[in-house]
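# Sequence and predicted structure below; questions after.
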Amino acid sequence: MLDAQLLRNDLEAVAARLADRGLTLDIATFRGLEDARKRVQTRTQELQAQRNASSKKIGELKRGGQDTTALMAEMAKVGDELKRLEAELGDVQGRLEAFLLGIPNVPHPSVPAGRSADDNVEQRRVGEPRAFGFAPRDHVDLGAGLGMLDFERASKIASARFALMTGLLARLHRAIAQFMLDVHTVEHGYTEVYAPYLVNAESMRGTGQLPKFEEDLFSVPRAEGGKLYLIPTAEVPVTNIVRDEIVALERLPLKYVCHSPCFRSEAGSYGKDTRGMIRQHQFDKVELVQIAHPDNSYEQLESLTAHAEAILKRLELPYRVVTLCTGDMGFSAAKTYDIEVWLPGQNAYREISSCSNFEAFQARRMQARFRSERGKPELAHTLNGSGLAVGRTLIAVLENYQEADGSVTIPAALQPYMAGATRITAGG
RNA sequence: GGAAGGGUGGCAGAGCGGUUGAAUGCACCGGUCUUGAAAACCGGCAGAGGCGCAAGUCUCUCGUGGGUUCGAAUCCCACCCCUUCCGCCA
């Protein structure tokens, strides 16, 4: 959520920067709501002040044994008027908040303007795609050849866009998550978190999934009414740790890492990435979350991105980092780096991590604050990034480490987690 | 699922329907004292928002939402959450 004050003072500039995102800010609607808010709020507060003064006076008069019936009758009328005004004010403020909740974050000045992924700017490439002496297969063929990756049965059990892994492939999946958690906790100083996979609407609103993107979420109804939402990323429960809290200055930055399943309905993406496990309703991810001081949140974004990259380096997987342009960024982000891993089966770099600084956008929604040097509570900055997506890392390992006979060599970094196995072979 | 108790400022903890936005303690900030620190003493210290160039001033907030009243932290109703005991259970 943007600062209402910013919109009041600098509406044109905000609208111009949001236009880079392809969003036309409804300036007339905002001004209309603001004017109404100002008028009704001022009048309401005047009457409230009058009521408070008179009530105090009545108390004094009564103590002095004097008659108060005239004043009380007058105040009863003011009370009726107040009740009406307060209702109107609540209505206007509700609509103003709904308006604000629907506006995406303002991009950081360093973010390149652009309309689509084509306008993203490559920052660096690390590692050389391997030269195969044969035509590399994609993970679907490799997994089927090994007899360990089965989409037909997954769809029998659940539906399309689910995967069933067995044997060493399932173990490799687990090994990847363990490896990532170990690196981030032991070497990068993150605190491991185990968090709820079902969360309430307040948490979803805090990180920005609600109210605008409900159709992307799975939810379960509750017998007692209401519902809980399945998390689309551990970002939601982990960032909400600090919702409605004031963090001591010296504790910043808070650095959390959380391995969790993620559930996404992928509404609106039908027909996209239908082959294989690139885009699933359920996938695992190791998520990095930081609650940072506004003064250094962009330095933290660089280090968080480096932490995610470290995993790819250790797995010796080629990748590149791109800065998302204004038109390709997510709703809540002020700046995002995507890390894209090389997939020989697709002959392309594909997203495996997305690292973002949200500045105070999420913090304002969830009132996540810290006590500043001045002793005053201020909104913190929130950041997160995949470190990394487990399923896509598995795909990258399969495709990059495949051999001509369809077997897969296990990267050295993962071998300690594989109970002695160094290769995955059919029937192995 | 059943029963009981409880939700007040960063924390702990008071609070007859009327100068209580809230005593007191701790923590924190500033000052005195001290070579320095501690102790002691003095002062300050909740958050959000409106109006205003500013000084300032006003409003809202005691789990949430309603209600009673001229006036609610205090009374009534509903809901949420926490704790304890019983039941069930990975």
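Nice, I can see it. Residues are numbered from 1 along each chain as shown, chains lettered A, B, ... in the order given.

# Spell out which residues sit in contact with residue A:342, please.
A:127, A:129, A:317-320, A:348-349, A:396, A:400 (Cβ atoms under 8 Å, 6 or more residues apart in numbering). Where you see a C-beta, it was placed from the backbone N, CA and C, and this is true even at glycine.

# Which residue ranges of the stretch 251-400 of chain A form strands?
With DSSP state E, counting those that start in this stretch as the criterion, the stretch 251-400 of chain A has strands at A:254-263, A:282-292, A:319-323, A:335-343, A:348-359, A:368-371, A:377-379, A:381-389.

# Format these as TSV; extra columns: distance to residue A:229.
Below are the strands of the stretch 251-400 of chain A laid out as TSV (distance: least, Cβ to Cβ, whole Å):
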stretch	distance to residue A:229
strand A:254-263	9
strand A:282-292	14
strand A:319-323	30
strand A:335-343	23
strand A:348-359	19
strand A:368-371	19
strand A:377-379	24
strand A:381-389	18
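
# tell me the helices in chain A, going along the chain?
Using DSSP state H, the helices of chain A run over residues A:4-19, A:27-63, A:69-101, A:139-146, A:151-157, A:167-182, A:201-207, A:235-239, A:297-314, A:361-366, A:390-400.

# Distance to RNA strand B added to these, as TSV?
Shown next, in TSV, are the helices of chain A (distance: least, Cβ to the nearest atom of the strand, whole Å):
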stretch	distance to RNA strand B
helix A:4-19	6
helix A:27-63	3
helix A:69-101	3
helix A:139-146	31
helix A:151-157	22
helix A:167-182	19
helix A:201-207	10
helix A:235-239	15
helix A:297-314	19
helix A:361-366	9
helix A:390-400	23
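
# Format those helices as TSV; extra columns: distance to residue A:381.
Listed next are the helices of chain A as TSV, based on distance: least, Cβ to Cβ, whole Å:
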stretch	distance to residue A:381
helix A:4-19	16
helix A:27-63	25
helix A:69-101	19
helix A:139-146	37
helix A:151-157	39
helix A:167-182	24
helix A:201-207	14
helix A:235-239	11
helix A:297-314	4
helix A:361-366	7
helix A:390-400	27
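
# Which one, of the ones you listed, ends up nearest to residue A:260?
Among the helices of chain A, the nearest to residue A:260 by Cβ to Cβ is helix A:235-239 (7.8 Å).

# what mean pLDDT would you report for the closest one?
Average pLDDT, helix A:235-239: 95.

# Who are the packing partners of that helix?
The helices and strands touching helix A:235-239, judged by 3 or more Cβ pairs under 8 Å, 6 or more residues apart in numbering; DSSP states H and E, are helix A:201-207, strand A:254-263, strand A:282-292, strand A:381-389.

# let's see it at 10 Å
strand A:198-199, helix A:201-207, strand A:254-263, strand A:282-292, strand A:348-359, helix A:361-366, strand A:381-389 (3 or more Cβ pairs under 10 Å, 6 or more residues apart in numbering; DSSP states H and E).

# would TSV of those with mean neighbour count, mean pLDDT and distance to residue A:174 be doable?
Converted to TSV, these look like this (neighbours: other Cβ atoms under 10 Å; pLDDT from 0 to 100; distance: least, Cβ to Cβ, whole Å):
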stretch	mean neighbour count	mean pLDDT	distance to residue A:174
strand A:198-199	18	91	22
helix A:201-207	21	91	27
strand A:254-263	22	96	10
strand A:282-292	25	97	9
strand A:348-359	23	97	18
helix A:361-366	24	92	31
strand A:381-389	28	96	15
